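>>> Here is my input, please return the structure:
(2 chains)
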Amino acid sequence: MRLFKNVITRMILERVMLGILTLFAVSVLIFAATSILPGDAATAVLGQGATPETVKAYREELGLDRPAIVRYGDWLAGVVQGDLGTSLTTRQPISDSVIPRFENTLFLAGFAALIAVPLAIGLGIIAAINEGRLVDRVANIVSLGAISVPEFFVAYLLILFFAVKLGLFPTLATVFPEMGFFDRLYVTILPVIALIMIVTAHMLRMTRSAVLSVLSQPYIEMAFLKGLRRRSVIMQHALPNAAAPIISVVALNLAYLIVGVVVIEVVFVYPGLGQYMVDAVSKRDLPVVQGCALLFAATFVAVNALADILSVAINPRLRRSRH
Amino acid sequence: MTDSIFSKSGSSSLLVPTRRDLLRFGGAALAGTALFGTLGKSQAQAEEPKKGGTLRLGLEGGSATDSFDPTTYNDSIPIFMSLTMMNGLIEYDQAGNPTGELLESWEATNGATEWTFNVRQNITFSNGKTLDADDIIYSIQLHRTGDSKSAVKGQLATVSEIKALSPSQVYIKLSEGNADLPVLLGDFHLVVVPNGHTDWTKPIGTGAYVLESHQPGVRVVFKSRGEYWKPGRGNFDAIEIRYITDPAARTAALQSGQIDVANRLDPRTVKLLMRVPSLQIVQTKATGFRYCFVARCNDVPTKSQDLRLALKYGIDREQICKTVYNGYATPGHDHLLDSASPFFNAELPPHVYDPDKAKFHFKKAGLSPSDVVELKVSEGAYGTSVDAGLIYQQSMRKAGLDLKVTKVAGDGYWSDVWLKTPFCAVHWARRMSADQTFTTCYGSKSDFNDSDYRSEKFDKLLSEARVELDQAKRKEIYDECQRMVAEEAGHVVFAISDFLDGYSDKVKGVKTHSRFDLDDCRVAEKAWFAEPV
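Below is the predicted model of the structure:
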């Protein structure tokens, strides 16, 4: 038991340190990348109406006349103290606008994951149990079909049939603070269906193949020889050992649900963080871009670290092999 | 974007009624035209406005950075938000003439250098304060003070003095006369806020509605103030604006009845929407964006006037309007005024596609057909510039001339490419006065003279017209200005777009307007529901 604790604690510590390093690297990269892009917040906001005079005044007002490295240093110092800074374009604290958006993103991702993960793993196991049979093939073909179609196309099809033709669900998934919980569930049904269709296939196929690969192990053969039923061999002996790859693919998809759904947000007009970040990039609002990127990167790092820790924690062999 | 050249049914048409609807509403095309035909006349005038209901709009043209700060307005949604809860100094009527809003009436003296404006009386702000001359002055000064980054700062540069003669009278002195001052004061930036107000998260206005909640980039809600000083206006209980950037999403929301109003309908699919019986489409013809390619008059190679003429004759405007804008645009006259302007020169023959003339002028410019002129296009200038450029290239090729079309990045387009490239894409919005249009785009001193047109004669004509109070004489001068610019300056104005608004048929009183779509962005105060719930 002590051994377990040590390994896990050490791993968590390692992961946290690595995560912080990663975040730092990400922030440098994002800052450099957005600085290389032509134009800055002043020219982006003033657009066609910019004159050299107004651009200069605006730059000075925003502090953009200072060297990039100084601005980065200022920003970093703020972040270390927990202050994301103020937006260049709205002059409002970034956390005020970013946090609610991030909560929206988490809500949508959580809602989709709550359905997609059990569905994908369940179907994956059923497909593995019935390898080569009709159920297996149907699950494969349908999930592959869903993942092969671009997400905006899935979204438009859903809108066309469920909203425009049948009038069952709203096309606009805009949520706002005054909205009740069940209203939120109702307006986000279509984007959630679209997201489920996108992420299920990957998890389903990974579950299926992980389970199947464990099934070819000698100890499983032993279990069969002892006369156990296929179902209980899979559930009790194969699945726990297949957990590691399943957990990591689930983690990958969870992260995708949080950071990679800008297109779905745009089509369904969902006020998530992705759309906000795209907006900020086009306005060269660097502190906002940085803030969003940090949140996204932190999510990615956290979810992946959690997945690794979990797979070690539930697999005794992995735990021991560290020592 | 590029698919629009080759296929008229882009992916977005998926959202629009398809075969099934066509069958269901046989003869739909006819119904569509009939519906559209009645709109211009607006049967609404015969009807009495009714009170009540929530008007839900899905709009494009805003971002998460929108604010109520009048110096920052730059797109449809902030302008709409502002005119929903505030009033301007001047309102334009349907034809675009200035009429009194918070400045009720005015008088010009001394060669249009001294102006006295009467402030409308008994108007209260939403915080209870009564409107007086100081509020008007403060609202104008917001745009004039030293470090203001307001886009109207330049337009107000000739204002040398503003003062209150009394609580109900404002005096404005100009350093050079300008008969168009009331038109300039109708600019959408110049809305009235209480004297000293600076907290733009809590805007205060004299409009029909007050702000209920505002999440920039997501949703804005207004509720009625009750009484409104304009009779028959401000009819809704509440206004809800949602930001819907994706045109397909906007159309779908309108069709499924989730919103009552959508702006900027996609020209490629609007014909199909016209066939939907529960919708009405308001088309404002040829007062929208002036889509241009602009050649600079003092850069190599476009400094040759003959080359510029070759470029003007070598573009097949009709085809671009038909293919790229699906017919919802009109070829322009290479001078940035549109036919709705009272000073539009109808006598001036437009440049039409003529490969022979193009070839002739090209040769006369001293170039051989193997010489290549480069045109820079970009999504950053406007989305359709790439398609239009490609058609341009083909039509030049028919004249045996080679146009090299280069697509450049949208980022930083206005600061790095425009005004710095001999020949590139640009779009201009409508300006409400001829003087403003010409001074901004062709005046020698303007920062935005993008064809780098320098003509002393032209500048002189402009200053004469500016102080001329006799409209007939002004018309004569502006006729000449249009002729000069169309021949000499560098704009190839190949298309002026239509505004396309979509409304549910439950919304009444919607009209076209010569300034903006959505009835001059004032549909919230002008329209009403046929049967308010």
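
>>> which SS state does B:S139 fall under?
Following DSSP: H, G, I helix; E, B strand; the rest coil, we place B:S139 in the helix state.

>>> what does the stretch 201-323 of chain A put close to chain B?
Residues of the stretch 201-323 of chain A that fall close to chain B, judged by C-beta under 8 Å from any C-beta of the partner chain: A:V266, A:V267, A:F268, A:V269, A:P271, A:Q275, A:Y276, A:D279, A:A280, A:S282, A:K283, A:D285. All C-beta spots, glycine's among them, are computed from the backbone N, C-alpha and C.

>>> try it again with 7 Å
Proximity of the stretch 201-323 of chain A to chain B (C-beta under 7 Å from any C-beta of the partner chain) is limited to residues A:V266, A:V267, A:V269, A:P271, A:Y276, A:D279, A:K283.

>>> From A:V55, how far off is the residue of chain B found nearest chain A?
Nearest residue of chain B to chain A (C-beta to the nearest C-beta) works out as B:G412 at 3.1 Å. Using C-beta to C-beta, to the nearest Å, B:G412 is found at 12 Å from A:V55.

>>> which residues do those two both contact?
A:T43 (C-beta atoms under 7 Å, 6 or more residues apart in numbering or on different chains).

>>> Okay, domains of chain B per the record?
Annotated domains of chain B cover B:1-18+B:87-206, B:31-59+B:207-285+B:499-533, B:290-497 [automatic domain parsing].

>>> about what we covered before: and the residues of the stretch 201-323 of chain A next to chain B, which are buried?
With burial judged by 16 or more other C-beta atoms under 10 Å in any protein chain shown, the buried subset of these is A:V266, A:V267, A:V269, A:P271, A:Y276, A:D279, A:K283.

>>> Of those residues, which pair is most distant in space?
With C-beta to C-beta as the measure, no two of these lie farther apart than A:V267 and A:K283, at 21.5 Å.

>>> Quick check: residues of the stretch 1-150 of chain A near chain B?
Of all the residues in the stretch 1-150 of chain A, those lying near chain B are A:37-39, A:43, A:46-51, A:54, A:57-58, A:89-90, going by C-beta under 7 Å from any C-beta.

>>> Could I have the buried ones of the residues you listed as ChimeraX selection syntax?
The following ChimeraX line selects those of those that are buried, judged by 16+ other C-beta under 10 Å:
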select /A:38,39,43,46,47,48,49,50,51,54,57,58,89,90
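
>>> Which members of the residues of the stretch 1-150 of chain A next to chain B occur in helices, if any?
A:T43, A:L46, A:T54, A:A57, A:Y58 (DSSP state H).

>>> Look up the residues forming beta bridges with B:K376.
Beta-bridge pairing of B:K376 under DSSP bridges involves B:T406, B:C424.

>>> What segments of the stretch 151-300 of chain A are strands?
Remark: no strands are assigned in the stretch 151-300 of chain A by DSSP state E, counting those that start in this stretch.

>>> same thing with the stretch 101-250 of chain B?
Counting by DSSP E, counting those that start in this stretch, the strands of the stretch 101-250 of chain B are B:103-109, B:114-119, B:159-166, B:169-174, B:209-215, B:219-224, B:238-243.

>>> Return the most buried member of the ones you listed.
strand B:238-243 (a mean of 23; mean count of other C-beta atoms under 10 Å in any protein chain shown).

>>> The stretch 151-300 of chain B against chain A: which residues are in contact?
Going by C-beta under 7 Å from any C-beta, the residues of the stretch 151-300 of chain B near chain A are B:151, B:215-219, B:242, B:244-246, B:248-249, B:252-253, B:255-256, B:258.

>>> Please apply the same query to the stretch 351-500 of chain B.
With C-beta under 7 Å from any C-beta as the criterion, the stretch 351-500 of chain B meets chain A at residues B:A409, B:D411, B:G412, B:W414, B:S415, B:D416, B:D447.

>>> what's the helix or strand for B:V493?
strand B:491-497 (DSSP states H and E).

>>> Describe which strands that strand pairs with in its sheet and in which direction.
strand B:290-295 (antiparallel), strand B:329-330 (antiparallel).

>>> Report all helices and strands that the next helix or strand after it contacts.
Next helix or strand after strand B:491-497 toward the C-terminus (DSSP H and E): strand B:499-504. Where contact means 3 or more C-beta pairs under 7 Å, 6 or more residues apart in numbering or on different chains; DSSP states H and E, strand B:499-504 is packed against strand B:279-284, helix B:517-521.

>>> Export these as TSV, with columns for distance to B:A238.
Output for the helices and strands packed on strand B:499-504, formatted as TSV (distance: least, C-beta to C-beta, whole Å):
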stretch	distance to B:A238
strand B:279-284	22
helix B:517-521	17
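
>>> quick one: contacts for residue 287?
Assuming you mean chain A. By C-beta under 7 Å, 6+ apart, the residues touching A:P287 are A:W75, A:L84, A:G85, A:T86, A:S87, A:L88, A:I94.

>>> The chain in question should be chain B.
Per C-beta under 7 Å, 6+ apart, neighbours of B:T287: B:D338, B:A340, B:R430, B:F499, B:S514.

>>> low-scoring stretches of the chain, by residue?
In the absence of a named chain, chain A is used. Applying pLDDT under 70 to chain A flags the ranges A:1-5, A:316-323.

>>> actually it's chain B I care about, not the one you picked
Judged by pLDDT under 70, the stretches of chain B that qualify are B:1-46.

>>> Other residues contacting the biggest helix by length in it?
When chain B is parsed with DSSP H, its longest helix is helix B:471-488. Helix B:471-488 has contacts (C-beta under 7 Å, 6+ apart) with B:305, B:333-335, B:337, B:343, B:345, B:348, B:434, B:438, B:442, B:453, B:455, B:458, B:461-462, B:464-465, B:468.

>>> Next, the angle strand B:491-497 makes with it.
Angle, helix B:471-488 to strand B:491-497, by axes from the mean of the first three to the mean of the last three C-alpha atoms, to 10 degrees: 110 degrees.

>>> Would you mark the buried spots in helix B:471-488?
The neighbour-count check on helix B:471-488 (16+ other C-beta under 10 Å) flags B:474-486, B:488 as buried.

>>> Straight-line length of stretch B:286-294, end to end?
Terminal residues of stretch B:286-294 are spaced 19 Å apart (C-alpha to C-alpha, to the nearest Å).

>>> Mind listing what's buried along it?
B:A286, B:T287, B:G288, B:F289, B:R290, B:Y291, B:C292, B:F293, B:V294.

>>> Next up, the contacts around the last one.
With contact set as C-beta under 7 Å, 6+ apart, B:V294 has these partners: B:C424, B:V426, B:D450, B:S451, B:G490, B:H491.

>>> how deep is the fourth one tucked in, by neighbour count?
Put plainly, it is B:S451. Using other C-beta atoms under 10 Å in any protein chain shown, B:S451 has 25 other residues around it.

>>> pretty sure it is in a strand, no?
No. Counting by three-state DSSP, B:S451 is located in no strand; its state is coil.

>>> State whether it and B:F458 are indeed in contact, as I suppose.
No. B:S451 lies out of contact with B:F458 (C-beta atoms under 7 Å); the separation is 11.8 Å.

>>> distance of the closest residue in space to A:V154 that isn't next to it in sequence from A:F111?
Nearest-residue entry for A:V154: A:A194, 5.1 Å, with adjacent residues in sequence omitted and distances by C-beta to C-beta, 6 or more residues apart in numbering or on different chains. The gap separating A:A194 from A:F111 is 12 Å, by C-beta to C-beta.

>>> cool, B:R296 as well?
As judged by C-beta to C-beta, B:R296 and A:F111 stand 55 Å apart.

>>> How about A:S148?
Counting by C-beta to C-beta, the gap from A:S148 to A:F111 is 24 Å.

>>> Out of the two, name the residue with the larger neighbour count.
Between A:S148 and A:F111, A:F111 has the larger neighbour count (other C-beta under 10 Å), namely 19 against 8.
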